[in-house]
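Undergrad: Just to be clear, the model below is a prediction. Sequence and coordinates:
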Amino acid sequence: MALDLLFLVRTLVFPGLIFLLVLVLFFDWFERKVAARFQNRMGPSYAGPFGILQPVADYIKLFSKEDITPEQTSKLLFVVAPLLAFSLFVFALFYIPIEGSNVILNSSFEGDLLLVLLLVTLANFGIFLSGWASLNPYSGIGATRVLTQFLGYDIPLILLAIGPAFLARSLSIINITASQSIPFVLLIPWSAVLFIIVLQAELEKDPFDIPHAETEIVGGYETEYSGRKLAFIKLSEDFQFLIGASLVTVLFLGGSHGPMPFGPAEFWHVFWFIVKTLGVVFILEYVGNVSARLRIDQVVHGNWQLLIPLSVLSLALTVIVEPLLRSVIV
Amino acid sequence: MGTFEKAVEVLKNDFADGIIDLKVPRKKKAFLLLKPEHHREAVSLLLKNVEETILSTITGVDLGNEIELNYHMACEGTITLKNRIPKEKPITKTITDILPGANLYEREVYDLLGVAFDCHPNLERLLLPDNWPNGNYPLRRDWNPPEMQESNLDENSSLSTEALEDSGSLINVVVGPQHPVLHEPERFSFKVDGETVVAVEPRLGYVHRGIEKAAERMMYFQDVFLVERICGICNAAHTTVFCQAVEDIGNIETPPRALYLRTIIHELNRVHSHLLLLGVGGHLLGFEAFFQHVWRDREPIMAIIEQITGNRLMSGFNTIGGVRRDITPSSIEKTLKTIKAVRKRAVFYKNVLEEDATLRLRTEGIGVLNRDAALKLCVVGPVLRGSGVASDVRKDDPYAAYDEIPFNVVSYTECDTWARLMVRADEILESLNILEYALTNLPSGRLRVRVQRKIPEGEAVSRVEAPRGELVHYVKSDGSAYPYRVKVRAPTLANLMAFPDMIRGSYIADIPSVMGSLDPCFSCTDRMAFIDTNNSQKWHWSLDDVNNSKHKKELISNGS
């Protein structure tokens, strides 16, 4: 019984759903504030201190708005797709060790890195389906762009994620983070740089925010959505953003590990995880703000002709230097 | 001998038997009355013998029993070829086969004056709503507005959705009248195959306000404020060009200080308009940081305009015979200071355009309009200069103080979107130089001369280089205080002709940047309709259109 209670608290409150939601909203605020400062704007300022409650206010607004389902859409898909994407992203985040262990205790296994990547892939199909089900030309084009772009970047993303796994000789995220007494970003920086570039595409941020290029196709796949369903789409995007940034943290920055001078280890785990991930968000926003949006054909060419060969090379390089680095890896 | 004089000579010598009357009332302005139906020969003669000749516009004037078509040919100066046709049988031959750029101008005359052009490729409504009742030609002098109610508009001829039928793998993507890429309502329907644009059909007229007709009912000095409202951004260009035309007719000598002040306001307009466009370009290309920064640096210019004219945007500065406010020494000083600061930023933005890899990837080789096509389609301004033609009214046909101010005409030979953006970036720097020169060499003297309300009989064509290109006003006076005819040709109408050519074969993603590189201003273009009765669903995708099963099937089978 006690175990069940712990299980419930962990999944629902900390470090599960509620904690993740708060974290996601905080990251949303941080991202917006950073982007605004890059663009010489104020960013969120009014709701709460420094506008920190702005994302909360936005979601409350969205959830209370009229929710329209256009008559001619495929209703089931139209309703289910955003929820599907949202749940898959949340589930994927359960395998990221934020406070030193997974959300569901002892659920870590050899290969959960692949599971997370697979869940993200599936969730992207959910996003694609949401656009596809809208039967709006803008959504249709947006949805096809999601898939086209996705086909390009998913392969290099997985190839690059294998690098740290190879160094750690494990496909389990917890083991990978645990073996980084020296963060992998210092050992295999080429992989980390490429990973961030590919991640930019995965997160649909400039220069790869093609699927929802508002000046071309209005809202892209989310054009027809409103109210609660739009809120779920926005939430899934926020979760995806957090997952993307935390993948960099766990694969290259040593995850939640760091100096722990005093007090409970859980606090320091969460602290280091958030600090590192915020740093990643800052870098992602920086890249996004100094570049213009590319075109879908340029991205596809770039992915297949440039990023995939480069990812293979980077993996090869990692394999070659691995014996030299062996001594410093735990 | 300049190009203009040569052109007049050519017409005088080789076309003597076609000319009834030739007048050169002012420098670089000629008016030729041709024998009926001789306009085609005259136009082709000019095109053959004078390089870089384009058609500015066609003005139709109702003379009572006749309709006079004025073909304003721009070759350094303006040569106006007049072809008179009887009003009972208003048919004439098209010149679109000789000069494709005449297409929209002929449609405009057809729309508003009811002149049919023989052999025109698609003689359809341009500005008036599609369900405008037939036989109503608003710019004819004897036209009385009928009671306009929704019920007496022809429902059947209203915007058909026929053109929006999808066929084969082609999907229609309708941009406008409401769309994030458009800052003013206008409709473009793109036929799209996958991500490639196959064809585009523009539809104008969503912001018509009937300004040309309204101008005939107001006195000249009132019209200055009316034409100012044609466009917010280039308001100084519109008032300058209108005042010049009236001053030409009335032989009014504008004091030199006023000419310099007009130049200053005109160039400030250009700087803020070009900065606005560069920012919008960044926004359209998804470069939000560029957009926000450029617009921030546009603000000091707006503040200066406010300090000099009293208004941030609508300056209300020009008037017939001079300007309405003086500039104080302290604001000259402040302006010079601001110019220095803005120049620094403008140089930086030019470097960004030149060096940023993503910007270049998105703009180079996109929306190509080569030199010959540009001249054939009669585009103007930065679009023409981006296609390698160094044509600028300020140099070719100097007005205000431009004959005394040194500056360079910027042109690029790349012919693509990037070149058109670069022309603007360079022109900002040129304009800042002009401003510095004008402010430091400002002559003293009167601001304006008193002008009588009645303007003597006559006509004038006036041109200025507005931020978006050559802006033409034609004014005809019958000796009263009210103009007989005012015709406005905004640069966007000229440049719009080239858009379908530029975009064909490009990707959907290139639509915003190519459209942005034209710097379209639709409130300039659509300046003269009367009503707006279309109900909204007619020009949108109707739900049936979007969702009928055929469309659904196609989306699923072809939407790659």
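TA: In hand now; what should we look at?
Undergrad: contacts and neighbour counts: CA atoms only from here.
TA: Noted.
Undergrad: which residues does the spatially closest residue to A:Ser45 that is not a sequence neighbour contact?
TA: Spatial nearest neighbour of A:Ser45, chain neighbours left out: A:Gly51 (3.9 Å); criterion: CA to CA, 6 or more residues apart in numbering or on different chains. Contact analysis of A:Gly51 by CA atoms under 8 Å, 6 or more residues apart in numbering or on different chains lists A:Trp29, A:Gly43, A:Pro44, A:Ser45.
Undergrad: Could you tell me which of these belong to helices?
TA: Counting by DSSP state H, the part of the contacts of A:Gly51 found in helices is A:Trp29.
Undergrad: would you turn the contacts of A:Gly51 into TSV with neighbour count and distance to B:Arg453?
TA: Output for those, formatted as TSV (neighbours: other CA atoms under 10 Å in any protein chain shown; distance: CA to CA, whole Å):
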residue	neighbour count	distance to B:Arg453
A:Trp29	21	62
A:Gly43	20	54
A:Pro44	19	55
A:Ser45	13	55
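Undergrad: Tell me the one among the contacts of A:Gly51 nearest to B:Gly479.
TA: A:Gly43 (59.0 Å; CA to CA).
Undergrad: any idea how far chain B is from that closest one?
TA: 12 Å (CA to the nearest CA, to the nearest Å).
Undergrad: which residues touch that residue?
TA: A:Gly43 is in contact with A:Arg32, A:Lys33, A:Val34, A:Ala35, A:Ala36, A:Arg37, A:Gly51, counting by CA under 8 Å, 6+ apart.
Undergrad: Could you rerun that using 10 Å?
TA: Contact partners of A:Gly43, counting by CA atoms under 10 Å, 6 or more residues apart in numbering or on different chains, are A:Trp29, A:Phe30, A:Glu31, A:Arg32, A:Lys33, A:Val34, A:Ala35, A:Ala36, A:Arg37, A:Phe50, A:Gly51, A:Gln54.
Undergrad: returning to that earlier point: please identify which of the contacts of A:Gly51 is nearest to B:Val61.
TA: Nearest to B:Val61 among those, with distances taken as CA to CA, is A:Gly43, at 54.6 Å.
Undergrad: Does B:Ala466 touch B:Ile265 like I think?
TA: No: look at B:Ala466 against B:Ile265 with CA atoms under 10 Å: they stay out of range, at 11.6 Å.
Undergrad: you'd agree B:Cys231 is up against B:Cys521?
TA: Yes: with contact defined as CA under 10 Å, B:Cys231 and B:Cys521 form a contacting pair (7.9 Å).
Undergrad: Have a look at the two and say which one is more surrounded.
TA: B:Cys521 (23 against 19; other CA atoms under 10 Å in any protein chain shown).
Undergrad: sorry, back to before: return every residue with contacts to both of B:Cys231 and B:Cys521.
TA: When contacts are counted by CA under 10 Å, 6+ apart, B:Cys231 and B:Cys521 have B:Ala490 as shared neighbours.
Undergrad: longest helix anywhere in chain A?
TA: From DSSP H, the single longest helix across chain A is helix A:137-168.
Undergrad: All the helices of the stretch 201-330 of chain A, in order from the start?
TA: A:214-217, A:227-252, A:265-289, A:296-301, A:308-325 (DSSP state H, counting those that start in this stretch).
Undergrad: now the strands for the stretch 101-250 of chain B?
TA: B:116-118, B:170-175, B:187-193, B:196-203 (DSSP state E, counting those that start in this stretch).
Undergrad: And these, which one averages the lowest pLDDT?
TA: Lowest mean pLDDT of the strands of the stretch 101-250 of chain B: strand B:170-175, a mean of 74.
Undergrad: so what's residue 75 up against?
TA: Since no chain was named, I'll use chain A. By CA under 10 Å, 6+ apart, the residues touching A:Lys75 are A:Thr69, A:Ala133, A:Ser134.
Undergrad: my bad, chain B
TA: Counted by CA under 10 Å, 6+ apart, B:Cys75 has contacts B:2-8, B:28, B:46-47, B:50-56, B:391, B:396-397.
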